[in-house]
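# no letters, just coordinates:
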Ligand SMILES: Nc1ncnc2c1ncn2[C@@H]1O[C@H](COP(=O)(O)OP(=O)(O)OP(=O)(O)O)[C@@H](O)[C@H]1O
Ligand SMILES: [Mg+2]
């Protein structure tokens with residue numbers, strides 16, 4: 001993600017998201033800024049703080065979609081979390097610091113993947129050698145003399161022959177015996193799910209170190225053993241400490257946390273009960289966004305330079321209802337606009353995985369060719385727009401309900417139709433939607 005220019009990032013996002021140019025630009029610039037900061041000398045680099053972004057826009061216009069697609073451009077540690085799933089420290093639930101732990105987990109994954117690529121060749125070589133040791137074990141001691149059956153030369157020859165057979169795949173079904181080391185059973189301790197997420201210190205990791213590892217021997221075929229040994233050799237070749245250190249650095253320097261549903265942690269008027277805890281989440285968020293140190297199972301992580309992109313619909317509350325300190329941490333505001341009928345037309349047709357393509361592909365599994373004519377698309381978009389106006393505006397999500405309704409009959413009948421072609425035109429759409437869409441009461445429930 002680091003080397004992409006803002007224009008390239010926007011181009012990638014354009015493939016999936018219609019319109020919302022401001023939001024795309026803002027995230028693209030923010031990501032490029034991480035790379036720019038990386039190029040600076042140490043002293044100045046410390047000074048440059050990330051400019052966090054707040055995306056504001058009605059529901060269903062692409063906020064979450066932008067972050068989801070941004071995640072595809074991996075390369076930097078990236079996670080997407082919902083602010084509403086956290087609770088204030090002290091309350092039962094997930095505390096906000098766990099998002100930093102999640103980010104580090106993501107970074108570990110990235111660094112490990114890179115390491116795996118690096119050691120792959122060496123590991124594969126070692127696998128063959130170890131398999132050979134098992135298939136043609138070297139004699140306990142070599143006798144001198146070229147003709148003796150246990151001479152080194154003779155053993156070399158056997159091993160070479162064996163190797164040729166192994167490489168040609170003739171030995172795949174032979175069975176061998178392998179030692180397997182099992183991690184201590186700490187996984188089983190309740191409340192310490194993998195990752196031990198809400199635990200302040202690394203209980204899981206500690207137990208793994210203290211408890212004895214159990215070693216068992218298992219018999220399996222060469223082809224099964226190959227995978228097991230490959231994993232073992234990769235483990236041996238990868239320096240865990242180095243991976244952890246690199247991952248922490250990566251998370252600290254270029255980590256990105258997408259904080260969705262930020263408006264859900266704003267207390268509404270007369271707040272009590274759950275609202276108190278929400279306000280508390282904002283207070284807990286503050287130090288993390290501002291820069292603090294969080295303990296993770298891989299080490300301490302400084303959050304000063306992690307970039308935060310927050311998003312919210314801000315229907316009932318406005319960004320100014322956030323705690324003032326928190327507002328200040330999100331200096332870049334981008335508004336996403338309501339979607340128009342033309343946007344709907346483009347959303348239905350342009351993205352690679354657009355709804356029309358999805359439905360056509362699904363019908364194809366039933367040997368039914370589904371085709372949408374331009375006037376049908378136009379009609380669908382108008383209905384979506386009109387229903388959004390007359391009932392609740394749920395943005396592009398309306399297209400899902402409209403499409404589902406329109407194709408209800410076909411979805412049911414398709415398997416019994418036999419092969420066929422269905423061309424959807426404006427009349428087809430109108431016949432199936434008009435009665436519901438024009439009746440406000442009906443469309444409230446059905447569309
Ligand atoms: N501008 C757009 N271009 C293409 N698809 C869109 C666009 N906006 C929304 N969609 C589609 O509509 C659906 C809902 O969008 P999304 O999840 O991004 O909404 P949101 O803005 O996060 O809303 P909320 O505030 O309710 O979370 C997604 O499936 C997405 O593909
Ligand atoms: Mg969303």
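That came in fine, so what should we check first? Keep in mind the model is a prediction, meaning the values are calculated, not measured. Numbers count the residues shown, from 1 in each chain. Ligands and ions are numbered 1, 2, ... in the order given.
# please identify the buried residues of the helix or strand encompassing residue 386?
Secondary-structure element containing residue 386, defined by DSSP states H and E: helix 374-390. For helix 374-390, burial by neighbour count (16 or more other C-beta atoms under 10 Å) applies to 376, 377, 378, 379, 380, 381, 382, 383, 384, 385, 387, 388. C-beta: built from backbone N, CA, C; applies to glycine.
# tell me which residues of stretch 414-427 come out buried.
For stretch 414-427, a neighbour-count test (16+ other C-beta under 10 Å) marks 414, 422, 424, 426 as buried.
# now do stretch 238-253
Buried residues in stretch 238-253, counted by 16+ other C-beta under 10 Å: 238, 243, 244, 246, 247, 248, 250, 251, 252, 253.
# burial count for residue 369?
Counted by other C-beta atoms under 10 Å, the residues lying close to residue 369 total 12.
# can you check residue 23 too?
Around residue 23 there are 26 residues (other C-beta under 10 Å).
# what about stretch 214-232, how long is it end to end?
One end of stretch 214-232 to the other measures 15 Å (C-alpha to C-alpha, to the nearest Å).
# ok, residues contacting it?
123-124, 126-127, 130-131, 134-135, 166, 171-182, 184 (C-beta atoms under 8 Å, 6 or more residues apart in numbering).
# at 6 Å what do you get?
Residues from elsewhere that reach stretch 214-232 (C-beta atoms under 6 Å, 6 or more residues apart in numbering): 123, 127, 130, 171-182.
# and that stretch, which residues are buried?
Neighbour counts over stretch 214-232 (16+ other C-beta under 10 Å) mark 222, 224, 225, 226, 229, 230, 232 as buried.
# format those residues as JSON lines; extra columns: secondary structure and distance to ligand 1.
Formatted as JSON lines, the buried residues of stretch 214-232 follow (DSSP: H, G, I helix; E, B strand; the rest coil; distance: C-beta to the nearest ligand atom, whole Å):
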{"residue": "222", "secondary structure": "helix", "distance to ligand 1": "47"}
{"residue": "224", "secondary structure": "helix", "distance to ligand 1": "41"}
{"residue": "225", "secondary structure": "helix", "distance to ligand 1": "45"}
{"residue": "226", "secondary structure": "helix", "distance to ligand 1": "42"}
{"residue": "229", "secondary structure": "helix", "distance to ligand 1": "44"}
{"residue": "230", "secondary structure": "helix", "distance to ligand 1": "39"}
{"residue": "232", "secondary structure": "helix", "distance to ligand 1": "42"}
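# format those as CSV; extra columns: pLDDT.
Listed next are the buried residues of stretch 214-232 as CSV, based on pLDDT from 0 to 100:
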residue, pLDDT
222, 87
224, 88
225, 89
226, 90
229, 92
230, 93
232, 91
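# that older thread, of all the buried residues of helix 374-390, which comes closest to residue 112?
residue 384 (44.1 Å; C-beta to C-beta).
# mind listing what the closest one touches?
Going by C-beta under 6 Å, 6+ apart, residue 384 touches 344, 398, 399, 402.
# burial count for the closest residue to ligand 2 within the stretch 51-200 of the chain?
Closest contact between the stretch 51-200 of the chain and ligand 2, by C-beta to the ion, is at residue 64 (3.2 Å). Residue 64 has 17 neighbouring residues, counting by other C-beta under 10 Å.
# contacts for the very next helix or strand once past the helix holding residue 386 next, please.
Once the chain leaves helix 374-390, the next helix or strand it forms, by DSSP H and E, is helix 397-406. Outside helix 397-406, the residues that touch it by C-beta under 6 Å, 6+ apart are 60, 355, 380, 383, 384, 387, 388, 429, 432, 433, 447.
# domain ranges for this protein, per the record?
Residue ranges for the domains of the chain, per automatic domain parsing: 6-106+247-335, 128-239, 341-439.
# strands along the chain, start to end?
Assigned strands in the chain, in chain order: 53-56, 78-82, 175-182, 214-221, 256-260, 293-296, 299-302, 307-312, 332-335, 368-372, 420-424 (criterion: DSSP state E).
# between the ones you listed, which one is closest to residue 19.
Of all the strands of the chain, strand 332-335 sits nearest to residue 19, with 12.0 Å by C-beta to C-beta.
# tell me the mean pLDDT for that closest one?
For strand 332-335, mean pLDDT rounds to 92.
# what pairs with that strand, parallel or antiparallel?
strand 53-56 (parallel) (DSSP bridges).
# what does this structure put close to ligand 2?
Residues of the chain lying close to ligand 2 by C-beta under 5 Å from the ion are 63, 64.
# how about the stretch 251-400 of the chain: which residue is closest to ligand 2?
Relative to ligand 2, the nearest point of the stretch 251-400 of the chain is residue 260 (5.4 Å; C-beta to the ion).
# please name the residues that touch that residue.
Shown in contact with residue 260 (C-beta under 6 Å, 6+ apart): 64, 82, 311.
# need the pLDDT of it.
According to the prediction, residue 260 has pLDDT 90.
# for beta bridges, what are the partners of it?
Applying DSSP bridges, one finds that residue 260 bridges with residue 82.
# quick check: mean pLDDT across the helix holding residue 386?
Averaging pLDDT along helix 374-390 gives 92.
# ditto for stretch 95-114
For stretch 95-114, mean pLDDT is 92.
# and for stretch 31-41?
Mean pLDDT, computed over stretch 31-41, is 89.
# buried residues in that stretch?
By 16+ other C-beta under 10 Å, the buried positions in stretch 31-41 come out as 31, 32, 34, 37.
# quick one: the residue lying closest to the last one once chain neighbours are set aside from ligand 2, how far?
Just to be clear, that refers to residue 37. In this structure, residue 37 finds its nearest non-sequential neighbour in residue 48, 4.8 Å apart by C-beta to C-beta, 6 or more residues apart in numbering. Look at residue 48 and ligand 2: by C-beta to the ion, to the nearest Å, they are 29 Å apart.
# which residues of the stretch 251-400 of the chain lie near ligand 1?
Selection of the stretch 251-400 of the chain residues close to ligand 1 by C-beta under 6 Å from any ligand atom yields 313, 347, 351, 395, 396, 397.
# one more time with 8 Å
When proximity is defined as C-beta under 8 Å from any ligand atom, the stretch 251-400 of the chain approaches ligand 1 at 260-261, 311-313, 336, 339, 343, 346-347, 351, 394-397, 399-400.
# now the helices for the stretch 1-150 of the chain?
For the stretch 1-150 of the chain, applying DSSP state H, counting those that start in this stretch gives helices covering 6-14, 21-38, 42-47, 63-72, 98-135.
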